[in-house]
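Trainee: sequence below, structure please.
(4 chains)
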Amino acid sequence: MDVLYFAWMRERIGLPKERVETDAATVAELVTELSAREDRYAAAFADLSALRVALDQELSDFDASLAGVREVAFFPPMTGG
Amino acid sequence: MDVLYFAWMRERIGLPKERVETDAATVAELVTELSAREDRYAAAFADLSALRVALDQELSDFDASLAGVREVAFFPPMTGG
Amino acid sequence: MRIAVQEQEFDLGAESNAFADRDTANGAIVTFTGVVRDLAKGNLDRMEIEHYPGMTERAITKIAEEARARWSLGDVLVIHRYGRLVPGDRIMMVATAAPHRKDAFEAAEYLMDYLKSRAPFWKKEITTSGAEWVAAKDEDEDALTRW
Amino acid sequence: MRIAVQEQEFDLGAESNAFADRDTANGAIVTFTGVVRDLAKGNLDRMEIEHYPGMTERAITKIAEEARARWSLGDVLVIHRYGRLVPGDRIMMVATAAPHRKDAFEAAEYLMDYLKSRAPFWKKEITTSGAEWVAAKDEDEDALTRW
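Mentor: The predicted structure follows:
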């Protein structure tokens, strides 16, 4: 699946988008996998309460299933308007 | 003093403005005087709850004093906006 | 603060741009525009708006000053037409600028609620079946109780 | 309904006039415009707005459709810029048309409250002392609870 990062998540991870092969069943499992990769991932995902997740461009939750999902995006709370 | 009429008050009385010499102490006394003049005045002032009054261009009440007042206006509830 | 009581048309777009250009210190700008509607569904020929010259400007100024006392506002604009208008014509507009959107919205609603019931304008509708003064609505008077 | 997510400037006046011209059946038109403010008082060089192409349009469309389901509305307009903006630049605008002013005001406030916290935009402020992502405010999240 594609994993996208926006705002300071993009800056901390160091890239806007990457292709990830995973067997993670939920967003939380994917976060655990990514956090185990490198310090920059662990640091970026350290405080989930400061993060939001979208699955296929719809806001979702960290305990949501990844079944059939093609695009996961992580970002801080939005500041539009 | 000058007495002004607006909207359907103007139409019922038949004029927009007139000079009135009066000893009325309050708006209510002036209304009684005017109503006694002719049927069209009596009809126009029949239902005071459907009327508003302004003294020297400030909204006021029917029991307000006319002392020092130069301009009295009678009109229906406003429908601006 | 700009208050205009006028017979001629106004340009909503030009007024909106001029208002926003005058007040760049505030992050939130709200406008409200009132348009003549054909409530009688195809029967409205025109509307005639009467007002009380002198008192109208005083009343609107007082309403606008009250709004500036109640909310943290930048500039305020009120334009209200009188005379003859046809369906689709813009009757009036208000604009408010504020540091915060909540203040700009509330002040604009306040201005509208008070203009409806406390500024000396009277609307008459001329339809194919005759002429009638628009009656004040209880809901417009009730709207004032929330402030 | 017109939704535009764009890098280039928009003309508040031209958009307001076009919106009002498109929808003459409704008597009440409300616009809200957001302007880049220099909250750091003279230090703000520019703002950079990032967004999530694809999701942004979907999220705004969903918010606008929700507003049309909740209120009796005519047309709805949302324009939101991304990219580089400087103090005084207009970031975004919404416009609502409705038969009644209360609906037009409430729907515009609803659009703003949801755009603030549910549309995927992120603001970064570049000041003379560095660059910082704007933090979401608790009050913006709290604003959603009233709907």
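
Trainee: for the rest of this, base every contact and every neighbour count on C-alpha atoms.
Mentor: Will do.

Trainee: from chain C, which residue is nearest to chain D?
Mentor: Using Cα to the nearest Cα, the single residue of chain C nearest to chain D is residue C:13, 3.4 Å away.

Trainee: and that residue, what element?
Mentor: helix C:12-22 (DSSP states H and E).

Trainee: the nearest residue to the residue of chain C closest to chain D once chain neighbours are set aside and residue D:66, how far apart?
Mentor: Nearest residue to residue C:13 in three dimensions, chain neighbours excluded: residue D:13, at 3.4 Å (Cα to Cα, 6 or more residues apart in numbering or on different chains). When distance is defined by Cα to Cα, to the nearest Å, residue D:13 is 26 Å away from residue D:66.

Trainee: which of those two has more neighbours?
Mentor: Neighbour totals were compared for residue D:13 and residue D:66, and residue D:13 leads with 19 against 14 (other Cα atoms under 10 Å in any protein chain shown).

Trainee: how about residue C:134, phi and psi?
Mentor: Residue C:134 adopts backbone torsions of phi -70, psi 130, taken as degrees, to the nearest 10.

Trainee: quick one: contacts for it?
Mentor: Shown in contact with residue C:134 (Cα atoms under 8 Å, 6 or more residues apart in numbering or on different chains): B:79, C:122-125.

Trainee: which strand or helix spans the residue in chain C positioned nearest to chain B?
Mentor: As assessed by Cα to the nearest Cα, chain B sits closest to residue C:116 within chain C, at 4.4 Å. Assigned by DSSP H and E, residue C:116 belongs to helix C:101-118.

Trainee: and the angle from that helix to helix D:101-118?
Mentor: 180 degrees (axes from the mean of the first three to the mean of the last three Cα atoms, to 10 degrees).

Trainee: how about helix C:101-118 and chain A, touching?
Mentor: No. Helix C:101-118 is not in contact with chain A by Cα under 8 Å from any Cα of the partner chain; minimum separation 9.9 Å.

Trainee: restricting to C-alpha, output that helix in PDB.
Mentor: Extracted C-alpha coordinates of helix C:101-118, given in PDB (Å, rounded to 0.1, in the frame of the first residue of the first chain):
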ATOM      1  CA  ARG C 101     -14.400  34.400  12.900                       C
ATOM      2  CA  LYS C 102     -16.800  34.000  15.800                       C
ATOM      3  CA  ASP C 103     -16.900  37.700  16.400                       C
ATOM      4  CA  ALA C 104     -17.200  38.600  12.800                       C
ATOM      5  CA  PHE C 105     -20.200  36.200  12.400                       C
ATOM      6  CA  GLU C 106     -22.000  37.200  15.600                       C
ATOM      7  CA  ALA C 107     -21.600  40.900  14.900                       C
ATOM      8  CA  ALA C 108     -23.000  40.500  11.400                       C
ATOM      9  CA  GLU C 109     -26.000  38.600  12.700                       C
ATOM     10  CA  TYR C 110     -26.500  41.200  15.400                       C
ATOM     11  CA  LEU C 111     -26.400  44.000  12.800                       C
ATOM     12  CA  MET C 112     -29.000  42.100  10.700                       C
ATOM     13  CA  ASP C 113     -31.300  41.400  13.600                       C
ATOM     14  CA  TYR C 114     -31.300  45.000  14.600                       C
ATOM     15  CA  LEU C 115     -31.600  46.400  11.100                       C
ATOM     16  CA  LYS C 116     -34.700  44.300  10.600                       C
ATOM     17  CA  SER C 117     -36.600  45.700  13.500                       C
ATOM     18  CA  ARG C 118     -34.900  48.900  14.700                       C
END
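
Trainee: what does that helix contact?
Mentor: B:77-81, C:27-32, C:59-60, C:63-64, C:67-68, C:71-73, C:94-98, C:136, C:140-141, C:143-144, C:147, D:105, D:109.

Trainee: please pick the buried ones from those.
Mentor: Among the contacts of helix C:101-118, those scoring as buried are B:77-81, C:27-32, C:59-60, C:63-64, C:67-68, C:73, C:94-98, C:136, C:140-141, C:143, D:105, D:109 (criterion: 16 or more other Cα atoms under 10 Å in any protein chain shown).

Trainee: the next helix or strand after the helix holding residue C:13 near chain A at all?
Mentor: Next along the chain after helix C:12-22, taking DSSP H and E as the criterion, comes strand C:28-35. No. Residues of strand C:28-35 contacting chain A under Cα under 8 Å from any Cα: none, with a closest distance of 9.9 Å.

Trainee: from the chain's centroid, how far away is strand C:28-35?
Mentor: Distance of strand C:28-35 from its chain centroid, counting by Cα atoms, centre = their mean, to the nearest Å, is 9 Å.

Trainee: same question for stretch C:76-90.
Mentor: From the chain centre to the centre of stretch C:76-90 is a distance of 8 Å (Cα atoms, centre = their mean).

Trainee: and the helices in chain A?
Mentor: In chain A, helices defined by DSSP state H lie at A:7-13, A:27-37, A:39-44, listed in chain order.

Trainee: quick one: closest of those helices to chain D.
Mentor: Of all the helices of chain A, helix A:7-13 sits nearest to chain D, with 6.3 Å by Cα to the nearest Cα.

Trainee: and the residue of chain A nearest chain B?
Mentor: residue A:81 (28.5 Å).

Trainee: quick one: that residue and residue D:92 touch, right?
Mentor: Yes. Counting by Cα atoms under 8 Å, residue A:81 does reach residue D:92; the two are 6.5 Å apart.

Trainee: quick check: neighbours shared by those two?
Mentor: With Cα under 8 Å, 6+ apart, residue A:81 and residue D:92 have common neighbours D:34, D:80.

Trainee: is it fair to say residue C:45 lies in a strand?
Mentor: Yes. Assessed with DSSP: H, G, I helix; E, B strand; the rest coil, residue C:45 lies in a strand.

Trainee: pull the number of nearby residues for it.
Mentor: Residue C:45: 17 neighbours (other Cα under 10 Å).

Trainee: so who does it touch?
Mentor: Taking Cα under 8 Å, 6+ apart as the test, what residue C:45 contacts is C:86-87, C:125-128.

Trainee: going along the chain, name the strands of chain A.
Mentor: A:2-5, A:17-19, A:52-55, A:58-60, A:71-75 (DSSP state E).

Trainee: only alpha carbons, please: show the last one as CSV.
Mentor: In CSV, the C-alpha atoms belonging to strand A:71-75 read as follows (Å, rounded to 0.1, in the frame of the first residue of the first chain):
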residue,chain,number,x,y,z
GLU,A,71,-3.6,4.4,0.7
VAL,A,72,-2.8,5.3,4.3
ALA,A,73,-2.0,8.9,5.3
PHE,A,74,-0.6,10.1,8.6
PHE,A,75,-0.6,13.8,9.6
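
Trainee: name the helices or strands packed onto it?
Mentor: Using 3 or more Cα pairs under 8 Å, 6 or more residues apart in numbering or on different chains; DSSP states H and E as the contact test, the elements touching strand A:71-75 are strand A:2-5, helix A:7-13, strand A:52-55.

Trainee: those: which one's closest to chain C?
Mentor: Closest to chain C of the helices and strands packed on strand A:71-75, according to Cα to the nearest Cα: helix A:7-13, at 22.4 Å.

Trainee: let me see the mean pLDDT of the closest one.
Mentor: For helix A:7-13, mean pLDDT rounds to 97.
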